[in-house]
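Novice: with the input below, show me the fold.
(chains A and B)
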Amino acid sequence: MKKRLGIISLFIMLFIAFITVWNFSYEQGREEAYIPLKGSSLTPIIPSETGVFRRAEFALDYANMPFDKEHERSLETYYDNRAFHGAPPSIPHPIVETQNIGGNSCLKCHENGGFVEKYNAYTPVVPHPELVNCKQCHVAQQNNTLFKSGDYLKVNAPSVGDNNVLITSPPVIPHQIQMHENCLSCHAGPSAPKEIRVTHPERINCRQCHVLNNKEIKDIGVFIKEIKNE
Amino acid sequence: MSATLTSRRIFIKKMAATAAMTAAMTMFPGIIFASEQLAGISEGNLDWKKGPCRFCGVGCGILVGVENGKAVAVKGDPNSSVNKGLLCVKGYHQTMCIQASDRLTHALVKKNGKYVKTPINEALDLVARKMKSTIEKHGKDSVAMYTSGQSTIPEGYVASKLMKGAIGTNNLDCNARLCMASAVTGFLTSFGADEPMGCYEDIDHADYFITWGNNMAEMHPVLFSRMLEQKNNRGAKIIDFATRTTRSSTASNRSILFEPQTDLAVANAICYEIINNGWVNTKFVEDHTTFSKGLTKMGYGLEDNYSFTDKPTKINFAEYKKFLEDYTPEKVEKYSKVSAKDIKYLASIYGNPNKKVVSYWCMGMNQHTRGTWMNNLVYNIHLLTGKISQPGNGPFSLTGQPSACGTAREVGTFTHKLPHGVVTNRKDREMAARIWKVPVERIPAKPTYHATEMFRAVDRGDIKFIWTQVTNPLVSLPKTKRYTAGMKKDSCFVVVSDVFPTPTSDVADVILPASWHIEKSGLYGNSERRTQYWDKMVEGPGDTTPDAWMTIEVAKRMGYGDLFPYSKENHAEEIYNEYRQFHEGAKHGMAPLEVLKKESGVIWPYVNGKSTQWRFNSKYDPACDNGKDFHFYGKPDGKAVIWQRPYEPAAEFPDKEYPFWLNTGRVIEHWHTGSMTRRIPVLHKAMPHAYVEFHPDDAKALSIRDGENVKVISRRGECVLPASINKRGLPTKGQVFVPFFDENMMINDVTLDAFCPISKEPDYKKCAVKIQKA
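Specialist: Take a look at the predicted model:
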């Protein structure tokens, strides 16, 4: 009798275990295939606004840095390196073709810049160091030849020195800022092209005074107020 | 490998070529060097004239470059301790609006439904005749004036003298009611004296800046840049406490978001923590404070002729402590959506005796149906910890308009105010009567209409004549739909003085052409009690006339000429000298004109040739005479009041039918209703129209794309705007935000005219709306 009870209770336990496991996996199966993504940061990030303040911790160093006139970059070389105004610059120096991703190679120099003896120049600073697959957009120019010639129209980049409306008013921002929201990376420090190097990097909140003049906007017609007669 | 070598050679060659070019081009005209701004190099033959900026309450010093009688440039005044040579984008371009092609250059009188260009003298005749006949027919209280926190001190002064001293009605209020009234009642209830005790120099001393619902990076940008400077130089910290993620949040050390209206509860929870952890500065609290409570469940002023008077009752510390037990961080986190940890973090900053803390706020706390309470609650925090009236320690209420302090609050262009004190006080009336040389009985002792109620009275037909100056109420009032319809009624004769046509001038019977800022002399007073004088810099076009002079001309035509014995050329100076008599003494002494002409502004109280930077602190303030370290002399017992103020819900909040909070506000590019800044091409291009901001999750749930037109609908009206997602700001989930500068997209048709019962200031930050695709 005892033996029979033992066997029965064993089967009951097995049966309960089966029910439990079966229910659990059934419930698991019922879970939605899509698990909503959760934002990682506590403070929501607004890309176009947050970027401005990046590198602000270096602003004072930039302000105190002496000019190294001999090794200054100019806007001409800056644009020479780009297929058109706003295009990602190509890599103008030899690189060792490896499987490295930017974090281990490019960013070592381009995250914070510095003087490179070998090229007798200062390293330009990247405005978006969080994107580490650099060679996704930036490629080396291996050679100077063309496969077939073409008549690609190169639109002139905005000129410098005529972006302010009054003689003392701050110039507007004549370029798009997507991917280069961080002003200081190009406009401050020794690698900044001298024509666009800001004299007051310590101000940080650049867009307090400098506003975009080419916002992508939906046209709502010209704003003209007319006196209505009733 | 050879290929890379070639490119390297090219590269080095290029570098050499450009190095040669660099030598030739050392300076470009677009870049202006700080040292050269001072030295005045390479600026041509400009004559630089000093004044305050036309726009916000920060009150930056500007220098306007004048060439051949035209304003051609603007730069920051390096001698001004406010901005030290820096401005914001509005400030730099401000003078460009004068040349707008639709500038009002001549008086326009509506005849048979058409505006007819009229000589200014005839138009002023008509205004005076109409005002006089209205008073004769319907009594003194049937005429009203609605002025501005952007009026100069002389403009506010003559308006007050005409209405209260000459005509004898308290029907004078101003748009500062819409922005600073809660700050005033906050100061008066807590300290008995209006305006901040500290000054901007606090920024250079503080360890922490806590901003309450305040996007300073856009609204007070020059002060924010000073804070950022301190953040970088000294490691000062900025804590942003807000309902919306903004440019300020992204630049601050910490951003804490809360559910609209629950700031009341969080402030009480901070006080609870301070007391519970023994962080109270006991000696300060015992020596310098008393405790009070007022009435609760006051209502929201939604009905016409609503009135409320608070009844303060003294309580003791134990009662106050008991009251705070409802506001433990754990209880408050449930409805404020601020974690108990964050509340404790905020309390620990205020409670740390070794850290100096300044609190900043502006419209977030003032435009609040419990705005007075909210101001009181932040003062409570500073009073409990004794962090007040010392360099780097103190609550600081920021002002929106350039002379909301100087004109609206100090001259008193409110219905209940006089240049010194209030109409209900006999002594104050006697003083005004003596200086104005009018019989004291003429000044009525009872206040009449505050801003919202004034336009309700126009709508009801009680007010038959209204004159607005330097303001655009039909864009800036809440629930404009009702008030625009009211102003259009034939029962009221509407006179509008302005520089440009606006939706308000659209309903006017007479439009008077006003001089702009630099086309007249005047004085402004900023947030830190700094009075700034400027001289007329350029001639205005056509018949344009300073507002003060138009008021004087009308007064003369009504037969009050002997009360207004000022000269056309020098009236601003003469009026200021008369006005100064109201504030003589150590508590509010104003600097003499000669000093103001030399300096880039002077802070009052100006005593024995010295500015008082920190009031109520005997080290700095000669008016303290109780022999102790601090003296809150605004109150008869010399003690500040810690108020017991509970949390109460907003007048309207999201429900099933209207599921979103609507928050409104400003952007850096535009000044208030945009009548000036939208006429400045740089600013218009940078911010051409309004928008409605969504949280990305809400936008996704409603399947709204960025830029798509949507309709924002409330119980009062609707407005179509393009959606903005992840751009300038990011509201919390369940909230939408719309800037109010755009008269083509009138969000104030949608807002609610509920107001703080004590201050009568409307709440533009909270009402319920629903969203539809347009």
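Novice: use CA for all of it now, contacts and neighbours both
Specialist: OK.
Novice: flag the helix or strand of the chain with the lowest per-element mean pLDDT.
Specialist: Using chain A here. helix A:47-50 (a mean of 79; mean pLDDT, DSSP states H and E).
Novice: switch to chain B, please.
Specialist: helix B:34-39 (a mean of 36).
Novice: show the subsequent helix or strand relative to it.
Specialist: The element immediately downstream of helix B:34-39 (helix or strand, assigned by DSSP states H and E) is strand B:47-52.
Novice: quick one: strands adjacent to that next one?
Specialist: Using DSSP bridges, the strands paired with strand B:47-52 are strand B:61-67 (antiparallel).
Novice: mind listing what's buried along the next helix or strand after the strand it pairs with?
Specialist: Counting by DSSP H and E, the next helix or strand C-terminal to strand B:61-67 is strand B:70-76. Buried residues in strand B:70-76, counted by 16 or more other C-alpha atoms under 10 Å in any protein chain shown: B:70-76.
Novice: kindly report the same for stretch A:44-56.
Specialist: Applying 16+ other C-alpha under 10 Å to stretch A:44-56 flags A:44-54, A:56 as buried.
Novice: near chain B, from those residues?
Specialist: A:44-50, A:53, A:56 (C-alpha under 8 Å from any C-alpha of the partner chain).
Novice: show me the strands in chain A, by range?
Specialist: A:114-116, A:121-123 (DSSP state E).
Novice: partners of the first one, with directions?
Specialist: According to DSSP bridges, strand A:114-116 forms sheet pairs with strand A:121-123 (antiparallel).
Novice: which other residues reach the partner strand?
Specialist: The contact list for strand A:121-123 (C-alpha atoms under 8 Å, 6 or more residues apart in numbering or on different chains) reads A:71-73, A:109-110, A:113-116, A:190-191.
Novice: same check on stretch B:493-512?
Specialist: With C-alpha under 8 Å, 6+ apart, stretch B:493-512 has contacts from A:225-229, B:102-110, B:120, B:123, B:127, B:464-475, B:487-488, B:513-516, B:544, B:547, B:675-676, B:743.
Novice: so for that stretch, first residue to last residue, what's the gap.
Specialist: End-to-end distance of stretch B:493-512: 14 Å, with C-alpha to C-alpha, to the nearest Å as the criterion.
Novice: where in chain A is pLDDT low?
Specialist: Confidence mapping of chain A against pLDDT under 70 gives the ranges A:31-33, A:38-43, A:98-99, A:215-230.
Novice: name the nearest residue to B:Glu218, ignoring sequence neighbours.
Specialist: Leaving aside its sequence neighbours, B:Glu218 sits nearest to B:Ile668 (C-alpha to C-alpha, 6 or more residues apart in numbering or on different chains; 4.4 Å).
Novice: actually A:Cys186, not the one I wrote
Specialist: A:Ala192 is the one closest to A:Cys186 (C-alpha to C-alpha, 6+ apart), at 5.2 Å.
Novice: what distance do you get for the one you found to chain B?
Specialist: From A:Ala192 across to chain B, the span is 13 Å (C-alpha to the nearest C-alpha, to the nearest Å).
Novice: would you map the helices across the stretch 251-400 of chain B?
Specialist: Secondary structure of the stretch 251-400 of chain B by DSSP state H, counting those that start in this stretch: the helices cover B:263-276, B:282-288, B:317-324, B:329-336, B:340-351, B:363-366, B:371-384.
Novice: please identify the deepest-packed of these.
Specialist: helix B:363-366 (a mean of 29; mean count of other C-alpha atoms under 10 Å in any protein chain shown).
Novice: ok, back up a step: how about the strands of chain A in TSV, adding distance to A:Ile91?
Specialist: As requested, the strands of chain A are arranged in TSV below (distance: least, C-alpha to C-alpha, whole Å):
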stretch	distance to A:Ile91
strand A:114-116	15
strand A:121-123	12
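Novice: would you convert those strands into TSV that also reports mean neighbour count and distance to B:Trp614?
Specialist: Shown next, in TSV, are the strands of chain A (neighbours: other C-alpha atoms under 10 Å in any protein chain shown; distance: least, C-alpha to C-alpha, whole Å):
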stretch	mean neighbour count	distance to B:Trp614
strand A:114-116	14	47
strand A:121-123	19	49
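Novice: which residues touch A:His85?
Specialist: Neighbours of A:His85 in contact, by C-alpha under 8 Å, 6+ apart: A:79, A:155-157.
Novice: hang on, the earlier thing: ok, of the contacts of stretch B:493-512, which come out buried?
Specialist: The buried subset of those (16+ other C-alpha under 10 Å) comprises A:225, A:227, B:103-110, B:120, B:123, B:127, B:464-475, B:487-488, B:513-516, B:544, B:547, B:675-676, B:743.
Novice: how far out from the middle of the chain is stretch A:164-177?
Specialist: 23 Å (C-alpha atoms, centre = their mean, to the nearest Å).
Novice: likewise for stretch B:527-541?
Specialist: 17 Å.
Novice: just stretch A:58-68 next, same as before
Specialist: 23 Å.
Novice: residue nearest the centroid of chain A?
Specialist: The centroid of chain A falls nearest to A:His128 when counting by C-alpha atoms, centre = their mean (3.1 Å).
Novice: surely it touches A:Met179?
Specialist: Yes - A:His128 is within contact range of A:Met179, at 6.5 Å (criterion: C-alpha atoms under 8 Å).
Novice: so where is the stretch 651-774 of chain B shaky, pLDDT-wise?
Specialist: Counting by pLDDT under 70, the stretch 651-774 of chain B contains no low-confidence segment.
Novice: and the strands in it?
Specialist: B:660-665, B:692-694, B:709-713, B:718-725, B:730-731, B:735-739, B:767-773 (DSSP state E, counting those that start in this stretch).
Novice: for the second one, packing partners?
Specialist: Helices and strands in packing contact with strand B:692-694 are listed as strand B:718-725, strand B:730-731, strand B:735-739; criterion 3 or more C-alpha pairs under 8 Å, 6 or more residues apart in numbering or on different chains; DSSP states H and E.
Novice: surely B:Leu63 touches B:Trp48?
Specialist: Yes - contact criterion C-alpha under 8 Å: B:Leu63 and B:Trp48 qualify, at 5.6 Å.
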